[in-house]
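Chemist: Whatever this is, show me its structure:
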Amino acid sequence: MEIHHDCGCESARERLDILIDRELSDIECADVRAHCETCESCQQEVAVLETLTEKFRMACAEPAPDHLRIAILHSVKNAKVIRDV
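Modeler: From the prediction side, this is the model:
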């Protein structure tokens with residue numbers, strides 16, 4: 001069984017976004033998680049980041065309303081025409 005060391009608040013907080021995005025190596029992830037298990041402040045920060053990330057992912061999964069999609073496409077077309085002139 002591997003034992004992971006407590007990486008400390010500063011190191012953990014620097015990597016929380018990467019942890020939440022599942023981009024840390026297994027060892028780094030285990031080190032940050034080990035710290036968060038013993039640090040209430042970092043636990044709370046992880047909980048907030050996980051909630052925000054999940055809500056953001058859910059919001060991005062929904063298709064844009066037709067009127068917004070059409071307005072964006074027109075805007076992009078107009079910007080291209082202006083640049084080409």
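Chemist: those helices in this structure, which residues are they?
Modeler: 9-20, 26-38, 40-61, 66-84 (DSSP state H).
Chemist: Same list (those helices) but as TSV, adding mean pLDDT.
Modeler: Putting the helices of the chain into TSV (pLDDT from 0 to 100) gives the following:
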stretch	mean pLDDT
helix 9-20	86
helix 26-38	87
helix 40-61	90
helix 66-84	84
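Chemist: Mean neighbour count for these - can I get that in JSON lines?
Modeler: Where C-beta positions appear, they are placed from N, C-alpha and C, glycine not excepted. Converted to JSON lines, the helices of the chain look like this (neighbours: other Cβ atoms under 10 Å):
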{"stretch": "helix 9-20", "mean neighbour count": "15"}
{"stretch": "helix 26-38", "mean neighbour count": "16"}
{"stretch": "helix 40-61", "mean neighbour count": "12"}
{"stretch": "helix 66-84", "mean neighbour count": "10"}
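Chemist: what's around the closest residue to I72 other than its chain neighbours, how many residues?
Modeler: Nearest residue to I72, sequence neighbours excluded (Cβ to Cβ, 6 or more residues apart in numbering): A64, at 7.6 Å. Residues near A64, counting by other Cβ atoms under 10 Å, number 11.
Chemist: Please determine how far A64 is located from L73.
Modeler: Distance, A64 to L73, using Cβ to Cβ, to the nearest Å: 10 Å.
Chemist: for F56, same thing?
Modeler: Taking Cβ to Cβ, one finds F56 at 24 Å from L73.
Chemist: try A30
Modeler: For A30, the distance to L73 (Cβ to Cβ) stands at 45 Å.
Chemist: and what of H67?
Modeler: Using Cβ to Cβ, H67 is found at 11 Å from L73.
Chemist: ditto for R22
Modeler: Per Cβ to Cβ, R22 is found 32 Å from L73.
Chemist: got it, and E40?
Modeler: 48 Å.
Chemist: Appreciated, that's everything.
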